[in-house]
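Q: this is a predicted model, with the sequence first.
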Amino acid sequence: MERIFAKSTLREFWEKYPESEQYLKTWFDTVKCSDWKNPNDVKQTYANASILKDSRIVFNIKGNSFRLVAKFNFEKQWVFIRFIGTHEQYEKIDVSSI
């Protein structure tokens, strides 16, 4: 993927939850180096990712301790981080509207 918006969101999160840092850095590097054309390509790399409507994908981070929701524009190769939080925080959001 050409652009990920925004790494600062991840950095702010791992400063609050240091145990997530290496997992988020790995996710960032994996996504940045990927050439995904559609959600099925994402599933080839992240089998446990949940594909939602409106090009949103939920990733389990650190064995599902954390959840990351990203919105993809496969045509432009852009990824927008819409949410990162604990599993408990994730349960309180409407993932289809963020």
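A: Ah, there it is.
Q: list the buried residues for the longest helix belonging to the chain?
A: Assignment by DSSP state H gives helix 21-33 as the longest helix of the chain. Buried residues in helix 21-33, counted by 16 or more other C-beta atoms under 10 Å: Y23, L24, W27, F28, V31. C-beta: built from backbone N, CA, C; applies to glycine.
Q: that one packs against which elements?
A: When contacts are defined as 3 or more C-beta pairs under 8 Å, 6 or more residues apart in numbering; DSSP states H and E, helix 21-33 packs onto strand 3-5, helix 7-16, strand 56-61, strand 66-73.
Q: return the closest of the buried residues of helix 21-33 with respect to F80.
A: V31 (11.5 Å; C-beta to C-beta).
Q: quick one: the closest one from I81, how far?
A: 10 Å (C-beta to C-beta, to the nearest Å).
Q: of the buried residues of helix 21-33, which pair is most distant in space?
A: Most distant of the buried residues of helix 21-33, by C-beta to C-beta, are Y23 and V31, 12.6 Å apart.
Q: in what helix or strand does Q44 lie?
A: helix 39-45 (DSSP states H and E).
Q: now do that helix, average pLDDT.
A: The average of the pLDDT scores along helix 39-45 is 96.
Q: for it, list every residue counted as buried.
A: Under 16+ other C-beta under 10 Å, the buried positions of helix 39-45 are P39, V42.
Q: against which helices or strands is that helix packed?
A: Short answer (3+ C-beta pairs under 8 Å, 6+ apart): helix 39-45 packs on strand 50-51.
Q: comparing the helices and strands packed on helix 21-33, which gets the lowest mean pLDDT score?
A: strand 3-5 (a mean of 90).
Q: follow-up on the earlier one: for the longest helix of the chain, give me every contacting residue.
A: With C-beta atoms under 8 Å, 6 or more residues apart in numbering as the test, helix 21-33 has contacts from 1, 4, 7, 10, 13-14, 45, 59, 61-62, 66, 68, 70, 79, 84.
Q: alright, I will stop here.
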